[in-house]
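Enquirer: sequence-free structure coming up:
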């Protein structure tokens, strides 16, 4: 029993974790009440890529935590004894470090670090488009620009969250496990090749 408990703590801390979707910011990709699994090892081996769905934490206490403190937080927070040290969010990666992001008439345009431009064909964004213009905004080094798929109803990098620090990314959402009828593996969308930026 103790061994199983310790293994569960280790898996949740380092390998994979289940998350509950509490808001409509990722509709229609994720509905309120969906449960997903997040791969916490994915970005230990590589950097996040455009189009991936990530979970990240907004820290209340930004001080780094040791292994023992993380295990303790899993135990106490899981039992409801203490308040979590962060709030978790789930969004889609749109802009990479050093890129410039613009949003106009519901269309996202990226200028990459080589000066090439790509207009994102975002089939995962449905419903009413967000016609509020944004940018141009250059993503700072070591951070990522994220947005929800439900653009008019998403607090994301365009608003108070700002760019997301690499260190605050928990992992990559890779599968919806609940409800069973909507079981889905998440795949990174393929965007068209970059074009030279307009003068």
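Expert: Sure, I can see it. Remember, predicted model here, so these are calculated numbers, not experimental data.

Enquirer: what residues does the residue nearest the centre of the chain make contact with?
Expert: Geometric centre of the chain, nearest residue: residue 54, 2.6 Å, by C-alpha atoms, centre = their mean. Contact analysis of residue 54 by C-beta atoms under 8 Å, 6 or more residues apart in numbering lists 48, 90-93, 144, 146, 164, 169-173. Backbone N, C-alpha and C define where each C-beta goes, glycine included.

Enquirer: recalculate using a threshold of 10 Å.
Expert: Residues near residue 54 by C-beta atoms under 10 Å, 6 or more residues apart in numbering: 38, 42-43, 48, 89-93, 144, 146, 164, 168-173.

Enquirer: pretty sure it sits in a helix.
Expert: No - using DSSP: H, G, I helix; E, B strand; the rest coil, the assignment for residue 54 is strand, not a helix.

Enquirer: from residue 115, how far out is it?
Expert: According to C-beta to C-beta, to the nearest Å, residue 54 stands 26 Å off from residue 115.

Enquirer: what about residue 30, neighbour count?
Expert: For residue 30, the neighbour count with other C-beta atoms under 10 Å is 25.

Enquirer: hang on, it packs against residue 150?
Expert: Yes - judged on C-beta atoms under 10 Å, residue 30 makes contact with residue 150 at a distance of 9.2 Å.

Enquirer: what is in contact with these two at once?
Expert: By C-beta under 10 Å, 6+ apart, residue 30 and residue 150 have these common neighbours: 23-24.

Enquirer: isn't residue 126 right up against residue 149?
Expert: Yes - with contacts counted by C-beta under 10 Å, residue 126 reaches residue 149, the gap being 8.1 Å.

Enquirer: so these two - more neighbours on which side?
Expert: Neighbours were counted for residue 126 and for residue 149 using other C-beta under 10 Å; residue 149 has more, 21 against 13.

Enquirer: quick one: contacts for that one?
Expert: With contacts defined as C-beta under 10 Å, 6+ apart, residue 149 is in contact with 24-30, 53, 91-92, 122, 124-127.

Enquirer: same thing but 6 Å
Expert: 26, 29, 124-125 (C-beta atoms under 6 Å, 6 or more residues apart in numbering).

Enquirer: would you show me how to pick out the buried ones of those in PyMOL?
Expert: Buried members of the contacts of residue 149 can be picked out in PyMOL with the line below, counting by 16 or more other C-beta atoms under 10 Å:
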select buried, resi 26+29+125
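
Enquirer: so after the lowest-mean-pLDDT helix or strand in the chain, what's the next helix or strand?
Expert: The helix or strand of the chain with the lowest confidence, counting by mean pLDDT, DSSP states H and E, is helix 2-10 at a mean of 43. On the C-terminal side of helix 2-10, the closest following helix or strand by DSSP states H and E is strand 16-20.

Enquirer: buried ones in that following strand?
Expert: Across strand 16-20, burial judged by 16+ other C-beta under 10 Å covers 17, 19.

Enquirer: by contact count, what packs against that strand?
Expert: If you count contacts as 3 or more C-beta pairs under 6 Å, 6 or more residues apart in numbering; DSSP states H and E, strand 16-20 packs onto strand 35-39.

Enquirer: that'll do, ta.
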